[in-house]
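Enquirer: sequence first, then the predicted structure:
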Amino acid sequence: MIIIRYKRVASTNDTAKMLANRGAREWTVVVAEVQTRGRGRSGRKWQSHKGGLWFSVILRPKISPGSVAMLQFFASNSTRKAIMEETGIEAGTKWPNDIIFEKRKMAGLLVESKSEGNQVSFVIVGIGLNVNQSQSTLPEGATSVYEAGREKYNVEQLMNRIVENMQHDYSILETPDKILSEWWTNCIHRSKNVEIQTVGETKSGISNGIDADGSLLLEKNARTEHIMEGTLRVLNEQKASPDSMPPYPSLHAKS
Ligand code: BTN
């Protein structure tokens with residue numbers, strides 16, 4: 001692993017891409033204390049103040065362009081495990097590329113790649129993990145490792161553990177089923193009712209699985225649809241108010 005550290009860059013994914021285009025080796029890691037133009041999925045801005053972990057890993061996997069989507073599930077598994085190993089916090093995965101703790105987003109991944117013909121020349125795995133930020137400095141719906149664990153953590157140590165996990169599990173890319181099943185086992189919306197906002201429309205149904213092409217399997221009226229992109233929300237998770245109906249009235253009825 002070669003680590004290139006910056007105090008401030010626009011986006012570690014952009015710097016990593018530039019280095020990869022110039023021939024940087026696999027497992028070159030670009031990390032910055034602050035990103036001034038951190039990017040999220042679908043062109044969204046990713047808030048990247050000091051205290052968080054913002055880094056990108058250059059990979060050159062021997063896979064076809066159609067399999068690049070596996071990398072996001074692979075790297076999410078490595079990140080989730082690293083958080084657990086370093087802090088004891090058990091976060092979950094959310095489609096397509098989030099790490100969630102108690103319904104709030106703790107980390108997001110942005111996987112970008114370049115292919116020539118049927119060959120992947122490089123993949124950039126960008127990982128943003130909220131580490132030591134306190135709630136007031138985080139965007140709405142976000143949390144941090146500090147907020148979850150009430151302790152400050154070593155950002156570099158977390159990064160090392162994530163990359164070590166990726167290196168340790170790299171050969172698993174040859175068995176995509178293992179990656180998918182680990183991701184799915186820890187998924188926060190496994191078999192749940194969800195709503196997905198895609199470009200121009202909102203779809204709902206039961207989230208029934210994920211596919212090697214990165215899509216989410218959404219079941220509605222006994223039909224399964226592959227959703228390629230969108231923002232997912234878990235439905236029916238409101239806490240029951242004291243005077244609401246119990247879910248199974250017959251079980252509570254006196255005989
Ligand atoms: C998302 O949830 O939409 C993905 C967020 C990815 C953020 C990381 S931070 C390091 C790397 N550099 C970026 O500009 N983005 C990724």
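Expert: It's in. Numbers count the residues shown, from 1 in each chain.

Enquirer: bridging residues for the closest residue to the ligand within the stretch 51-200 of the chain?
Expert: Across the stretch 51-200 of the chain, no residue is closer to the ligand than G108, which sits at 2.2 Å (C-beta to the nearest ligand atom). Using the backbone N, CA and C atoms, a C-beta is placed for each residue, glycine as well. Judged by DSSP bridges, the bridge partners of G108 are D98, G128.

Enquirer: my read is that it contacts K45, right?
Expert: No. No contact is recorded between G108 and K45 when judged using C-beta atoms under 8 Å, the distance being 11.6 Å.

Enquirer: which one's more surrounded, these two?
Expert: Between G108 and K45, G108 has the larger neighbour count (other C-beta atoms under 10 Å), namely 23 against 11.

Enquirer: now do the contacts for the more buried one.
Expert: G40, R41, W46, N97, D98, I99, I127, G128 (C-beta atoms under 8 Å, 6 or more residues apart in numbering).

Enquirer: who wins on neighbours among those residues?
Expert: Neighbour tally across the contacts of G108 (other C-beta under 10 Å): the maximum, 30 neighbours, falls on I127.

Enquirer: beta-bridge partners for the closest residue to the ligand within the stretch 151-255 of the chain, please?
Expert: At 9.5 Å from the ligand, T231 is the closest residue in the stretch 151-255 of the chain, using C-beta to the nearest ligand atom. The residues paired with T231 through beta bridges, assigned by DSSP bridges, are Q197.

Enquirer: how close does it get to D98?
Expert: Counting by C-beta to C-beta, to the nearest Å, the gap between T231 and D98 amounts to 10 Å.

Enquirer: next: L71.
Expert: 15 Å.

Enquirer: same thing with Q135?
Expert: To D98, Q135 is 18 Å away according to C-beta to C-beta.

Enquirer: same thing with I172?
Expert: Counting by C-beta to C-beta, the gap between I172 and D98 amounts to 21 Å.

Enquirer: check D14 too.
Expert: Where D98 is concerned, D14 sits at a distance of 21 Å (C-beta to C-beta).

Enquirer: return only those of the contacts of G108 found close to the ligand.
Expert: With C-beta under 6 Å from any ligand atom as the criterion, the members of these in contact with the ligand are G40, R41, W46, N97, D98, I127, G128.

Enquirer: how about the residues of the stretch 1-150 of the chain near the ligand?
Expert: 11-13, 35, 38-41, 44, 46, 48, 54-56, 97-98, 108-110, 126-128.

Enquirer: so which of these belong to helices?
Expert: T12, N13 (DSSP state H).

Enquirer: ranges for the strands of the stretch 51-200 of the chain?
Expert: Assigned by DSSP state E, counting those that start in this stretch, the strands in the stretch 51-200 of the chain fall at 53-59, 92-94, 98-101, 104-116, 119-129, 193-198.

Enquirer: just say which of the ones you listed is most tucked in.
Expert: For the strands of the stretch 51-200 of the chain, the stretch with the most neighbours on average is strand 53-59, a mean of 26; neighbours defined as mean count of other C-beta atoms under 10 Å.
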